[in-house]
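Enquirer: pasting the sequence and the predicted model now:
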Amino acid sequence: MNESSTPNAPIIVPRSEHPISRSAISPNALRVLYRLKEAGYQAFIVGGAVRDLLLGVRPKDFDVATNALPEEVRRLFRNSRLIGRRFRLAHVHFGSEIIEVATFRAAAAPEREDTEDPDAEGPATGLDGPEDREIDPRGRILRDNVYGTIEEDVWRRDFTANALYYNIEDFSVWDFVGGVADVAARRLRLIGDPDERYREDPVRMLRAVRFAAKLDFTFDPATESPVTRLASLLDGVPPARLFDETLKLFLSGYGARSYALLRHYGLFEHLFPLAAAAFARPPYAYAEQMLDLGLRNTDERIGADKAVTPTFLFALLLWGAVLREMNERNAGPAPDVAQLLQACDVVLRAQQSRVAIPRRFSVPMRELLMLQPRFNRRSGAKSLGLLHHPRFRAAYDFLMLRVQAGVADPEIATWWTEIQTLPQEERLQRVQARPGQAPAAEGGAPSSSRRRRRRRGPRTGPPPAAP
Ligand code: ATP
Ligand code: MG
């Protein structure tokens, strides 16, 4: 470690030597900083916002660090409330913008975990002794509750680029760990001993990937080298926290790159083991191609400020696993919709122990997948009912990806694309013009059970269970 990483001696970069202008800072964050300062406290912007401002990127949000205790912050801001169970943080509300104000603290606890469930353990007690820290046998910090100084606060942060402090006192940037140089070099470097820091909180491996993908940073060698070896530590992280991280990885605009890095470092298989196993089996490998295409679309949508949904993401992530489960379980006649749903449930149940998917996403995901076989049916007025299904749009987008991956018939997709543009009268003409037509055979999903039973001949449903 070099001079600049000595905790007690920050490099102080004066305003004249860095590009951060107050006009790039949220006026609400400035309000919070000034009020703290006027009340006699230290107040800094910290974390990703300082990093982003140095990079000329607009920060997602502004976090404030201060030596005021949470209760003191609470008293200064009428529009604030305290959250967190192991660590109390103040959220200062300005309409839809929330400025998070954290008191300096003296440990390497995973910061966000304790904000999730404010009621679970009752309020934290404030200044506790070091015995208030609990570490599991693998070195993971389970509980931590010690406030501290800014010098100590630095050490609980993960990457040097995330440990910069913008001081409202004189608009300087305080850098205890060489973060300014690392940002300039676009380098991701863990503070302290990487092995130890990943063991304390294995989610840092996912954060590393996320920042590398988002900021186009490269890993410092010492930060990179333990990752693959320690990847299995993710198995011990609470599935609800991994759900949050998964959304950040895949729905922040850099999902395709994040996915490639997760694969590269052997992390993905610890989040979605059944998906990874299916992708490795030739008949289901196309599902990974769909995922990649889908993530690229998603990234573009986010870039264009369009809405994206976790439902679609999880459908993409789990489709290969669902098909494999369905095919390998049903060796007999061609699988039907009931079997597709059953396979979905088996996969979802197994998935809950890694990345827990809340029902509000898994239920619609199941519907989206269940609608796939219904696209095959294009005769009779009833087939048009699909257009009014609440999941039609997502299911249609999913169908398009299946076409792009070469497993669904493009003709079917074109038919559904066109039918949407037609008036009701012409829609009816189309479905009546196809009396009793058998569904086109296609890979990727079974057709409806009713039709299946009528059909004779070789199985033509999902990608062959054995090629
Ligand atoms: P983003 O741009 O995605 O918001 P961020 O760096 O602000 O990136 P957050 O998750 O918002 O990331 O966390 C804010 C700060 O808290 C980080 O910059 C880092 O200093 C610290 N932090 C968050 N999570 C951890 C962790 N697991 N371990 C150590 N420090 C963390
Ligand atoms: Mg942030």
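Expert: Yep, that arrived. Ligands and ions are numbered 1, 2, ... in the order given.

Enquirer: from now on I want contacts and neighbour counts done on CA atoms only, so please keep to that.
Expert: OK.

Enquirer: would you mind giving the secondary structure of the most centrally placed residue in the chain?
Expert: Centroid-nearest residue in the chain: Leu247, 2.0 Å away (criterion: CA atoms, centre = their mean). At Leu247 the chain is in helix, as set by DSSP: H, G, I helix; E, B strand; the rest coil.

Enquirer: for the stretch 1-150 of the chain, what spans make up the strands?
Expert: 11-13, 43-46, 63-66, 80-83, 89-94, 97-103, 134-135, 141-143 (DSSP state E, counting those that start in this stretch).

Enquirer: possible to save the ones you listed as JSON lines with distance to ligand 1?
Expert: Shown next, in JSON lines, are the strands of the stretch 1-150 of the chain (distance: least, CA to the nearest ligand atom, whole Å):
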{"stretch": "strand 11-13", "distance to ligand 1": "17"}
{"stretch": "strand 43-46", "distance to ligand 1": "7"}
{"stretch": "strand 63-66", "distance to ligand 1": "7"}
{"stretch": "strand 80-83", "distance to ligand 1": "15"}
{"stretch": "strand 89-94", "distance to ligand 1": "12"}
{"stretch": "strand 97-103", "distance to ligand 1": "10"}
{"stretch": "strand 134-135", "distance to ligand 1": "15"}
{"stretch": "strand 141-143", "distance to ligand 1": "10"}
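
Enquirer: and the residue lying closest to Asp216 once chain neighbours are set aside, backbone torsions?
Expert: In space, and not counting its chain neighbours, Asp216 is closest to Arg186: 7.1 Å by CA to CA, 6 or more residues apart in numbering. For Arg186, the backbone dihedrals are phi 50, psi 60 (criterion: degrees, to the nearest 10).

Enquirer: picking up where we left off before, so for the residue nearest to the centre of the chain, what's the pLDDT?
Expert: Leu247 is assigned 98 on the pLDDT scale.

Enquirer: how far away is it from ligand 1?
Expert: 11 Å (CA to the nearest ligand atom, to the nearest Å).

Enquirer: what of Val180?
Expert: Distance from Val180 to ligand 1, by CA to the nearest ligand atom: 14 Å.

Enquirer: give the contact list for Asn330.
Expert: Gln339 (CA atoms under 8 Å, 6 or more residues apart in numbering).

Enquirer: check contacts around Tyr166.
Expert: Counting by CA under 8 Å, 6+ apart, Tyr166 has contacts Phe44, Ile45, Val46, Val50, Ser172, Val173, Trp174.

Enquirer: need the three-state assignment for it.
Expert: At Tyr166 the chain is in strand, as set by three-state DSSP.

Enquirer: just give the nearest non-adjacent residue to it, would you?
Expert: Val173 (4.5 Å).

Enquirer: please enumerate the helices of the stretch 51-200 of the chain.
Expert: Here the stretch 51-200 of the chain has its helices, by DSSP state H, counting those that start in this stretch, at 70-76, 150-156, 179-184, 194-200.

Enquirer: just for the protein, where's the confidence low?
Expert: For the chain, applying pLDDT under 70 flags the ranges 1-8, 86, 107-135, 139-145, 331-335, 434-467.

Enquirer: mind giving me the domain ranges of it?
Expert: Per automatic domain parsing, the structural domains of the chain span 3-185, 272-454.

Enquirer: could you report the neighbour count for Leu360?
Expert: Quick fix: residue 360 reads Arg, not Leu. Neighbour count for Arg360, taken as other CA atoms under 10 Å: 10.
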